[in-house]
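Engineer: Got a sequence here, can you model it:
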Amino acid sequence: MTLLKTPLNKTHIESGARMVPFAGWDMPVQYSGIIEEVKAVRNACGLFDVSHMGRIDIQGSAASDFLNKTLSVDVNKLKPNRAKYGVICNIDGGIIDDCIVYKFDSDHFLLVPNASNKTIVIDWLNQHKPKSNVSMIDITTQHAMIALQGPKGMQTLNDQVQSDMSLLKMFNFTQEAFCGTDVMIARTGYTGEDGVELFVPESKAAHVWNILVDSGAKPCGLGSRDLLRLEAGLLLHGNDMNTKINPFEAGLEKFVNCDKDDYLAGPALRKIRSEGPEKKLVGFYVDGNRAARPGYTINHGATQVGYITSGTYSPTLNRNIALGYVLTELIDNNKNLKCDIRGQFTDIVITKLPFYSR
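Structural biologist: Residues are numbered from 1 along each chain as shown. Sure thing, here's the model as predicted:
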(Lines give C-alpha, C1' and ligand atoms only; values in the text may rest on other atoms or scores of the structure.)
Protein backbone atom coordinates (compact mmCIF):
# COMPACT_ATOMS: atom_id res chain seq x y z
CA MET A 1 0.00 0.00 0.00
CA THR A 2 1.30 3.44 -0.90
CA LEU A 3 1.65 5.59 2.20
CA LEU A 4 0.19 9.08 2.34
CA LYS A 5 2.67 11.91 2.86
CA THR A 6 2.18 15.10 4.84
CA PRO A 7 3.34 18.42 3.39
CA LEU A 8 6.37 18.11 5.69
CA ASN A 9 7.43 14.63 4.57
CA LYS A 10 10.44 15.84 2.56
CA THR A 11 11.50 18.11 5.43
CA HIS A 12 11.45 15.20 7.87
CA ILE A 13 13.51 12.96 5.63
CA GLU A 14 16.06 15.67 4.84
CA SER A 15 16.36 16.40 8.57
CA GLY A 16 17.17 12.78 9.39
CA ALA A 17 13.94 11.74 11.09
CA ARG A 18 13.24 8.02 11.45
CA MET A 19 10.11 7.39 9.38
CA VAL A 20 7.52 4.68 10.00
CA PRO A 21 4.06 3.79 8.65
CA PHE A 22 1.28 5.08 10.90
CA ALA A 23 -2.44 4.99 10.11
CA GLY A 24 -1.64 4.88 6.40
CA TRP A 25 0.82 7.79 6.56
CA ASP A 26 4.61 8.00 6.36
CA MET A 27 5.35 9.71 9.67
CA PRO A 28 8.40 10.58 11.81
CA VAL A 29 8.51 8.42 14.92
CA GLN A 30 11.57 10.21 16.28
CA TYR A 31 14.30 12.68 15.47
CA SER A 32 17.09 12.76 18.08
CA GLY A 33 15.49 10.22 20.41
CA ILE A 34 12.21 9.81 22.26
CA ILE A 35 13.43 10.64 25.78
CA GLU A 36 15.43 13.64 24.60
CA GLU A 37 12.38 14.93 22.75
CA VAL A 38 10.16 14.43 25.81
CA LYS A 39 12.57 16.44 27.93
CA ALA A 40 12.64 19.22 25.34
CA VAL A 41 8.85 19.54 25.43
CA ARG A 42 8.70 19.46 29.22
CA ASN A 43 11.49 22.04 29.65
CA ALA A 44 11.47 24.20 26.50
CA CYS A 45 9.38 23.52 23.39
CA GLY A 46 8.96 20.85 20.76
CA LEU A 47 7.45 20.77 17.30
CA PHE A 48 5.22 17.99 15.96
CA ASP A 49 3.83 17.29 12.51
CA VAL A 50 0.26 16.18 13.16
CA SER A 51 -0.95 16.73 9.59
CA HIS A 52 -2.12 13.12 9.47
CA MET A 53 -5.04 14.07 11.72
CA GLY A 54 -8.32 14.41 9.84
CA ARG A 55 -9.87 17.78 9.02
CA ILE A 56 -13.54 17.79 8.03
CA ASP A 57 -15.14 21.10 7.07
CA ILE A 58 -18.87 21.16 7.93
CA GLN A 59 -21.10 24.01 6.81
CA GLY A 60 -24.77 24.83 6.36
CA SER A 61 -27.83 26.12 8.16
CA ALA A 62 -28.44 22.65 9.65
CA ALA A 63 -24.80 22.10 10.69
CA SER A 64 -25.37 22.78 14.40
CA ASP A 65 -28.34 20.41 14.65
CA PHE A 66 -26.43 17.76 12.69
CA LEU A 67 -23.40 17.90 14.98
CA ASN A 68 -25.53 17.94 18.11
CA LYS A 69 -27.10 14.74 16.87
CA THR A 70 -23.76 13.00 16.32
CA LEU A 71 -21.23 14.52 18.76
CA SER A 72 -21.23 14.16 22.54
CA VAL A 73 -20.94 17.92 23.13
CA ASP A 74 -23.53 20.64 22.68
CA VAL A 75 -22.22 22.86 19.88
CA ASN A 76 -25.07 25.33 20.41
CA LYS A 77 -23.46 26.28 23.71
CA LEU A 78 -20.08 26.75 22.07
CA LYS A 79 -19.21 30.34 21.20
CA PRO A 80 -17.57 31.26 17.86
CA ASN A 81 -13.78 30.88 17.74
CA ARG A 82 -13.87 28.25 20.45
CA ALA A 83 -13.16 24.55 20.33
CA LYS A 84 -14.27 21.61 22.45
CA TYR A 85 -13.05 18.07 22.99
CA GLY A 86 -15.62 15.29 22.78
CA VAL A 87 -16.37 11.81 21.52
CA ILE A 88 -18.40 10.31 18.70
CA CYS A 89 -20.45 7.39 19.96
CA ASN A 90 -22.50 4.78 18.15
CA ILE A 91 -26.10 4.08 19.12
CA ASP A 92 -24.92 1.60 21.78
CA GLY A 93 -22.69 4.22 23.39
CA GLY A 94 -19.42 2.76 22.12
CA ILE A 95 -16.71 5.27 21.24
CA ILE A 96 -16.17 5.47 17.47
CA ASP A 97 -13.54 8.17 17.98
CA ASP A 98 -12.58 11.15 20.08
CA CYS A 99 -12.22 14.51 18.37
CA ILE A 100 -12.08 18.27 18.67
CA VAL A 101 -14.74 20.45 17.07
CA TYR A 102 -13.92 24.07 16.17
CA LYS A 103 -16.78 26.54 15.77
CA PHE A 104 -16.38 29.47 13.38
CA ASP A 105 -20.09 30.33 13.63
CA SER A 106 -23.42 28.50 13.90
CA ASP A 107 -23.21 27.47 10.24
CA HIS A 108 -19.53 26.56 10.02
CA PHE A 109 -17.42 24.02 11.94
CA LEU A 110 -14.15 22.13 11.62
CA LEU A 111 -14.02 18.59 13.00
CA VAL A 112 -10.63 16.98 13.72
CA PRO A 113 -10.80 13.19 14.22
CA ASN A 114 -7.90 10.75 14.56
CA ALA A 115 -6.08 9.74 11.41
CA SER A 116 -6.83 6.04 11.85
CA ASN A 117 -10.56 6.72 12.27
CA LYS A 118 -11.18 9.48 9.73
CA THR A 119 -12.85 7.25 7.15
CA ILE A 120 -14.99 5.54 9.79
CA VAL A 121 -16.04 8.93 11.21
CA ILE A 122 -16.93 10.28 7.76
CA ASP A 123 -18.96 7.13 7.01
CA TRP A 124 -20.83 7.45 10.32
CA LEU A 125 -21.54 11.13 9.77
CA ASN A 126 -22.72 10.51 6.21
CA GLN A 127 -25.21 7.93 7.50
CA HIS A 128 -26.88 10.61 9.59
CA LYS A 129 -26.30 13.78 7.57
CA PRO A 130 -29.48 15.45 6.34
CA LYS A 131 -30.01 15.51 2.59
CA SER A 132 -29.92 19.30 2.49
CA ASN A 133 -28.55 22.31 4.34
CA VAL A 134 -25.31 20.58 5.40
CA SER A 135 -22.11 20.16 3.40
CA MET A 136 -19.21 18.03 4.61
CA ILE A 137 -15.83 18.17 2.88
CA ASP A 138 -12.61 16.34 3.76
CA ILE A 139 -9.93 19.05 3.66
CA THR A 140 -7.16 17.03 5.36
CA THR A 141 -4.67 17.42 2.53
CA GLN A 142 -5.28 21.15 2.04
CA HIS A 143 -3.42 22.19 5.17
CA ALA A 144 -0.62 21.04 7.42
CA MET A 145 -1.26 20.80 11.14
CA ILE A 146 1.73 21.66 13.31
CA ALA A 147 1.80 21.41 17.11
CA LEU A 148 4.13 23.72 19.05
CA GLN A 149 4.20 22.49 22.64
CA GLY A 150 6.11 23.33 25.80
CA PRO A 151 6.62 26.09 28.39
CA LYS A 152 8.64 28.22 25.95
CA GLY A 153 6.29 27.62 23.02
CA MET A 154 4.25 30.79 23.34
CA GLN A 155 7.37 32.94 23.53
CA THR A 156 8.72 31.22 20.42
CA LEU A 157 5.44 31.81 18.59
CA ASN A 158 5.15 35.43 19.70
CA ASP A 159 8.44 36.23 17.99
CA GLN A 160 6.74 35.49 14.65
CA VAL A 161 3.26 37.04 15.03
CA GLN A 162 1.85 40.49 15.79
CA SER A 163 -0.61 39.54 18.55
CA ASP A 164 0.32 38.23 21.98
CA MET A 165 -0.69 34.59 21.72
CA SER A 166 -0.32 34.10 25.49
CA LEU A 167 -3.64 35.98 25.76
CA LEU A 168 -5.41 33.32 23.69
CA LYS A 169 -7.38 31.18 26.13
CA MET A 170 -7.33 27.39 26.20
CA PHE A 171 -9.49 25.82 23.48
CA ASN A 172 -9.88 29.18 21.74
CA PHE A 173 -8.57 29.82 18.25
CA THR A 174 -7.85 32.79 16.02
CA GLN A 175 -6.57 33.74 12.59
CA GLU A 176 -3.12 35.32 12.51
CA ALA A 177 -0.38 36.27 10.06
CA PHE A 178 2.77 34.21 10.63
CA CYS A 179 5.65 35.84 8.74
CA GLY A 180 3.25 36.79 5.96
CA THR A 181 1.34 33.48 5.96
CA ASP A 182 -2.27 33.41 7.16
CA VAL A 183 -2.68 30.58 9.68
CA MET A 184 -5.27 29.42 12.19
CA ILE A 185 -3.83 29.12 15.68
CA ALA A 186 -5.62 27.08 18.37
CA ARG A 187 -4.64 26.86 22.04
CA THR A 188 -4.86 23.07 22.02
CA GLY A 189 -2.47 20.12 22.27
CA TYR A 190 -1.90 16.53 23.31
CA THR A 191 1.16 16.70 25.57
CA GLY A 192 0.06 18.07 28.94
CA GLU A 193 2.03 21.24 28.26
CA ASP A 194 0.95 24.69 27.20
CA GLY A 195 1.09 25.26 23.48
CA VAL A 196 -0.77 25.68 20.24
CA GLU A 197 -1.69 23.85 17.07
CA LEU A 198 -1.26 25.72 13.80
CA PHE A 199 -3.33 25.05 10.70
CA VAL A 200 -1.09 26.10 7.82
CA PRO A 201 -1.70 26.15 4.05
CA GLU A 202 -0.03 23.12 2.47
CA SER A 203 2.33 25.22 0.34
CA LYS A 204 3.63 27.15 3.38
CA ALA A 205 4.07 24.24 5.80
CA ALA A 206 7.84 23.77 5.38
CA HIS A 207 8.39 27.53 5.60
CA VAL A 208 6.54 27.80 8.93
CA TRP A 209 8.15 24.62 10.29
CA ASN A 210 11.67 25.77 9.46
CA ILE A 211 11.14 29.20 11.02
CA LEU A 212 10.02 27.60 14.28
CA VAL A 213 12.94 25.16 14.26
CA ASP A 214 15.37 28.03 13.63
CA SER A 215 13.74 29.83 16.56
CA GLY A 216 14.60 26.99 18.92
CA ALA A 217 11.68 24.54 18.74
CA LYS A 218 12.94 20.96 18.74
CA PRO A 219 11.52 18.65 16.03
CA CYS A 220 9.78 15.68 17.66
CA GLY A 221 8.18 12.47 16.45
CA LEU A 222 5.11 10.40 17.26
CA GLY A 223 7.03 8.30 19.80
CA SER A 224 7.59 11.20 22.18
CA ARG A 225 4.08 12.50 21.55
CA ASP A 226 2.63 9.18 22.71
CA LEU A 227 4.78 9.18 25.83
CA LEU A 228 3.91 12.78 26.64
CA ARG A 229 0.16 12.18 26.29
CA LEU A 230 0.39 9.13 28.57
CA GLU A 231 2.23 11.09 31.25
CA ALA A 232 -0.57 13.66 30.99
CA GLY A 233 -3.21 10.93 31.39
CA LEU A 234 -4.64 11.53 27.91
CA LEU A 235 -6.34 8.63 26.16
CA LEU A 236 -5.48 7.14 22.78
CA HIS A 237 -8.30 5.71 20.70
CA GLY A 238 -7.56 2.14 19.71
CA ASN A 239 -5.67 1.57 22.96
CA ASP A 240 -7.62 3.14 25.81
CA MET A 241 -11.03 3.32 24.14
CA ASN A 242 -12.87 1.81 21.21
CA THR A 243 -16.40 0.91 20.14
CA LYS A 244 -16.59 -1.67 22.95
CA ILE A 245 -15.91 1.04 25.54
CA ASN A 246 -18.33 3.81 26.53
CA PRO A 247 -17.43 7.28 27.88
CA PHE A 248 -18.43 6.43 31.45
CA GLU A 249 -16.01 3.51 31.48
CA ALA A 250 -13.29 5.66 29.91
CA GLY A 251 -13.72 8.47 32.45
CA LEU A 252 -14.87 10.91 29.75
CA GLU A 253 -18.36 11.57 31.07
CA LYS A 254 -17.64 15.28 31.59
CA PHE A 255 -17.32 15.58 27.81
CA VAL A 256 -20.75 14.04 27.21
CA ASN A 257 -24.16 15.69 27.25
CA CYS A 258 -26.48 12.69 27.37
CA ASP A 259 -29.62 14.75 27.60
CA LYS A 260 -29.51 16.62 24.30
CA ASP A 261 -32.60 16.34 22.15
CA ASP A 262 -32.15 13.94 19.21
CA TYR A 263 -28.66 12.84 20.33
CA LEU A 264 -28.21 9.44 18.68
CA ALA A 265 -26.28 7.88 21.55
CA GLY A 266 -28.40 9.58 24.22
CA PRO A 267 -30.74 6.68 25.11
CA ALA A 268 -27.89 4.18 25.48
CA LEU A 269 -25.68 6.57 27.42
CA ARG A 270 -28.47 7.58 29.79
CA LYS A 271 -29.04 3.90 30.57
CA ILE A 272 -25.32 3.37 31.20
CA ARG A 273 -25.21 6.47 33.39
CA SER A 274 -28.15 5.20 35.44
CA GLU A 275 -26.78 1.69 35.91
CA GLY A 276 -23.13 2.68 36.33
CA PRO A 277 -20.19 1.10 34.49
CA GLU A 278 -18.89 -2.32 35.51
CA LYS A 279 -15.30 -1.28 34.83
CA LYS A 280 -13.42 2.01 34.69
CA LEU A 281 -10.19 3.32 33.26
CA VAL A 282 -7.64 4.25 35.92
CA GLY A 283 -3.97 5.14 36.18
CA PHE A 284 -1.38 2.83 37.72
CA TYR A 285 2.10 3.13 39.10
CA VAL A 286 3.95 -0.07 38.26
CA ASP A 287 6.67 -1.43 40.53
CA GLY A 288 9.96 -2.71 39.22
CA ASN A 289 11.93 -2.09 36.06
CA ARG A 290 9.60 -3.62 33.47
CA ALA A 291 6.78 -1.69 31.87
CA ALA A 292 3.21 -2.97 31.74
CA ARG A 293 2.21 -3.15 28.09
CA PRO A 294 -1.22 -3.11 26.41
CA GLY A 295 -3.06 -6.39 26.85
CA TYR A 296 -1.26 -7.45 30.04
CA THR A 297 -3.75 -8.73 32.60
CA ILE A 298 -4.53 -7.21 36.00
CA ASN A 299 -5.17 -9.70 38.77
CA HIS A 300 -6.57 -9.65 42.27
CA GLY A 301 -5.52 -12.87 43.91
CA ALA A 302 -6.13 -15.64 41.40
CA THR A 303 -8.81 -13.69 39.55
CA GLN A 304 -8.32 -11.51 36.49
CA VAL A 305 -10.03 -8.19 37.18
CA GLY A 306 -8.79 -5.97 34.37
CA TYR A 307 -6.21 -5.27 31.69
CA ILE A 308 -3.62 -2.68 30.67
CA THR A 309 -4.34 -0.42 27.69
CA SER A 310 -1.24 1.84 27.65
CA GLY A 311 2.01 1.59 29.56
CA THR A 312 5.60 2.77 29.46
CA TYR A 313 8.53 4.15 31.42
CA SER A 314 8.06 7.84 32.24
CA PRO A 315 11.32 9.79 32.04
CA THR A 316 9.63 12.81 33.63
CA LEU A 317 8.55 10.82 36.70
CA ASN A 318 11.36 8.24 36.55
CA ARG A 319 8.97 5.35 37.06
CA ASN A 320 6.73 3.01 35.09
CA ILE A 321 3.15 4.16 34.52
CA ALA A 322 0.12 2.62 32.86
CA LEU A 323 -3.55 3.08 32.04
CA GLY A 324 -5.97 0.19 32.26
CA TYR A 325 -9.46 -0.99 33.05
CA VAL A 326 -10.35 -2.56 36.37
CA LEU A 327 -13.64 -3.66 37.91
CA THR A 328 -15.36 -0.63 39.45
CA GLU A 329 -15.87 -2.40 42.77
CA LEU A 330 -12.10 -2.68 43.25
CA ILE A 331 -11.18 0.96 42.61
CA ASP A 332 -11.70 2.04 46.22
CA ASN A 333 -10.40 -1.27 47.59
CA ASN A 334 -7.44 -1.82 45.35
CA LYS A 335 -4.84 -3.44 47.59
CA ASN A 336 -2.92 -6.40 46.24
CA LEU A 337 -3.52 -5.66 42.56
CA LYS A 338 -0.88 -7.19 40.34
CA CYS A 339 -0.06 -7.08 36.65
CA ASP A 340 1.13 -10.17 34.85
CA ILE A 341 4.25 -8.89 33.08
CA ARG A 342 5.47 -11.80 30.98
CA GLY A 343 4.77 -14.32 33.72
CA GLN A 344 5.93 -12.18 36.63
CA PHE A 345 3.17 -10.83 38.87
CA THR A 346 4.17 -7.24 39.59
CA ASP A 347 2.61 -4.92 42.17
CA ILE A 348 0.58 -2.03 40.73
CA VAL A 349 -1.10 0.82 42.60
CA ILE A 350 -4.01 2.91 41.37
CA THR A 351 -3.17 6.61 41.29
CA LYS A 352 -5.05 9.77 40.44
CA LEU A 353 -4.78 11.04 36.88
CA PRO A 354 -2.99 12.81 35.33
CA PHE A 355 0.37 11.32 36.24
CA TYR A 356 1.99 14.64 35.32
CA SER A 357 0.66 18.18 35.17
CA ARG A 358 2.43 21.50 34.99
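Engineer: what residues are up against Val286?
Structural biologist: Ala292, Gly311, Arg319, Asn320, Ile321, Ala322, Cys339, Ile341, Thr346, Asp347, Ile348 (CB atoms under 8 Å, 6 or more residues apart in numbering). Quick note: C-beta positions are derived from backbone N, CA and C, even for glycine.
Engineer: If you could redo that for Arg42, that was the one I meant.
Structural biologist: Counting by CB under 8 Å, 6+ apart, Arg42 has contacts Gly150, Pro151, Glu193, Leu228, Thr316.
Engineer: export those residues to a markdown table and tack on pLDDT, distance to Asn126 and neighbour count?
Structural biologist: Formatted as a markdown table, the contacts of Arg42 follow (pLDDT from 0 to 100; distance: CB to CB, whole Å; neighbours: other CB atoms under 10 Å):
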| residue | pLDDT | distance to Asn126 | neighbour count |
| --- | --- | --- | --- |
| Gly150 | 98 | 38 | 26 |
| Pro151 | 98 | 41 | 15 |
| Glu193 | 98 | 36 | 23 |
| Leu228 | 98 | 34 | 28 |
| Thr316 | 98 | 41 | 19 |
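Engineer: I'd like those laid out as TSV, including distance to Asp164 and secondary structure.
Structural biologist: What follows is the contacts of Arg42, written out as TSV (distance: CB to CB, whole Å; DSSP: H, G, I helix; E, B strand; the rest coil):
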residue	distance to Asp164	secondary structure
Gly150	18	coil
Pro151	16	coil
Glu193	19	coil
Leu228	26	helix
Thr316	29	coil
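Engineer: Show me which of these is closest to Cys89.
Structural biologist: Leu228 (26.4 Å; CB to CB).
Engineer: close enough to count as contact, the closest one and Gly195?
Structural biologist: No - in this structure Leu228 lies outside contact range of Gly195 using CB atoms under 8 Å: 10.6 Å.
Engineer: any residues in contact with both of those two?
Structural biologist: In contact with both Leu228 and Gly195: Gln149, using CB under 8 Å, 6+ apart.
Engineer: ok, the most far-flung residue of the chain relative to its centre - contacts?
Structural biologist: Using CA atoms, centre = their mean, the residue of the chain lying farthest from its centre is Ala302. It sits 35.3 Å away. With contacts defined as CB under 8 Å, 6+ apart, Ala302 has no neighbours.
Engineer: what about the stretch 251-358 of the chain, any weak spots by pLDDT?
Structural biologist: By pLDDT under 70, the stretch 251-358 of the chain contains no weakly predicted segment.
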